[in-house]
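[1] The amino acid sequence is not available; the structure is as follows:
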């Protein structure tokens, strides 16, 4: 999905270099009339290598250059000198990039650490020179091996956002508003559904200069796991979050029902998502007076027995510190258990 300069899905075509030709040179020097074979090997072709870089956050730079070719190996020379290796091509990608073979659908690797490398197309081996083929009965072979062809293939790169807390909710629930208030991020905010078309990341400042990363993904609607709305384009972005914050507006007809729909979408997409810490945040609570809030708490205490919930308002800046405290506590409990 692409909006602005954020790209989290791209297909590329790569071709590694072919190996250099082996040399069939025969040694010719003064006073050495029959020097015999001294042809060197060809150099190997260049590789195509993916490299993870923690300074990158999008695949946008690959959107406009989809084809990559590595250099070919040099031919072998006389005096058994080996040809030069072909030049490798490095393609830098952000952390959290999943590499798949487009033709087979096989997942090759997830690049998670800075400096992680994956050779997706190996260069062809260089051919052997005639020096390798001399024998007692064939002392002057006048032939050498050609280099092997390089590899060619199509690959799909998918990026999954790396964040500590993921915001999950229906469109227009107030996710972007919360992100814009608790972090310095400036997501697009408007009063219509699917204002957010790309994941937004922000760094939340906590007490004592501690920080954690929050990700706002586009709204999930019923049927998202089957691809409705913007569906599974974004569900993959919350696979790496340790804590999920379910945002449900206070004016929702039935808070418990909306929570169950969201939970069911996550379950159908990937049941492992239900193992993560969950917190229900009831947004836009500045619209409620104390009496109505008290009535809702009685009802919610019955419905949310196992899942913690809290009221907050991003616009009125109510309950935000309590929200940060709860999230920080849940994240640290997770890391202690691990």
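    Cool, got the structure. Note that the structure is predicted; figures quoted are calculated from it, not measured. Numbers count the residues shown, from 1 in each chain.

[2] Test for you: state the pLDDT assigned to residue 248.
    Note for residue 248: predicted pLDDT of 84.

[3] residues in contact with the helix or strand containing residue 326?
    For residue 326, the host element (DSSP states H and E) is helix 320-337. For helix 320-337, contacts defined as Cβ atoms under 8 Å, 6 or more residues apart in numbering pick out 164-165, 181-182, 204, 206, 210, 212, 242-243, 245, 277, 279, 281, 308, 310, 312, 314. The C-beta positions use only the backbone N, C-alpha and C, and glycine is treated the same way.

[4] hmm, 7 Å instead?
    164-165, 181-182, 204, 206, 212, 242-243, 245, 277, 279, 281, 308, 310, 312 (Cβ atoms under 7 Å, 6 or more residues apart in numbering).

[5] same deal with stretch 237-245?
    Residues outside stretch 237-245 that contact it (Cβ under 7 Å, 6+ apart) are 96, 160-168, 199, 215, 217, 270, 273, 276-279, 281, 327, 330-331, 334.

[6] of these, buried ones?
    96, 160-168, 199, 215, 217, 273, 276-279, 281, 327, 330-331 (16 or more other Cβ atoms under 10 Å).

[7] before we move on, back to that, looking at the contacts of helix 320-337, which are in strands?
    Among these, the members falling in strands (DSSP state E) are 165, 204, 212, 243, 245, 277, 279, 281, 310.

[8] Okay, and the beta partners of the fifth one?
    This points to residue 245. Residue 245 forms beta bridges with residue 167, residue 279, as assigned by DSSP bridges.

[9] Repeat that for the third one.
    As for beta bridges, residue 212 partners with residue 204 under DSSP bridges.

[10] Hmm, it is touching residue 163, no?
    No: assessed by Cβ atoms under 7 Å, residue 212 is found out of contact with residue 163, at 8.4 Å.

[11] re the thing from before, just send the ones in strands among the contacts of helix 320-337 back as a markdown table, with pLDDT too.
    Formatted as a markdown table, the ones in strands among the contacts of helix 320-337 follow (pLDDT from 0 to 100):
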| residue | pLDDT |
| --- | --- |
| 165 | 82 |
| 204 | 77 |
| 212 | 77 |
| 243 | 83 |
| 245 | 84 |
| 277 | 83 |
| 279 | 84 |
| 281 | 83 |
| 310 | 82 |
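
[12] distance of the closest residue to residue 74 other than its chain neighbours from residue 29?
    Of all residues beyond its chain neighbours, the one nearest residue 74 is residue 83 (3.4 Å), with distances taken as Cβ to Cβ, 6 or more residues apart in numbering. As judged by Cβ to Cβ, to the nearest Å, residue 83 and residue 29 stand 22 Å apart.

[13] These two: which has the busier surroundings?
    Neighbour totals were compared for residue 83 and residue 29, and residue 83 leads with 25 against 9 (other Cβ atoms under 10 Å).
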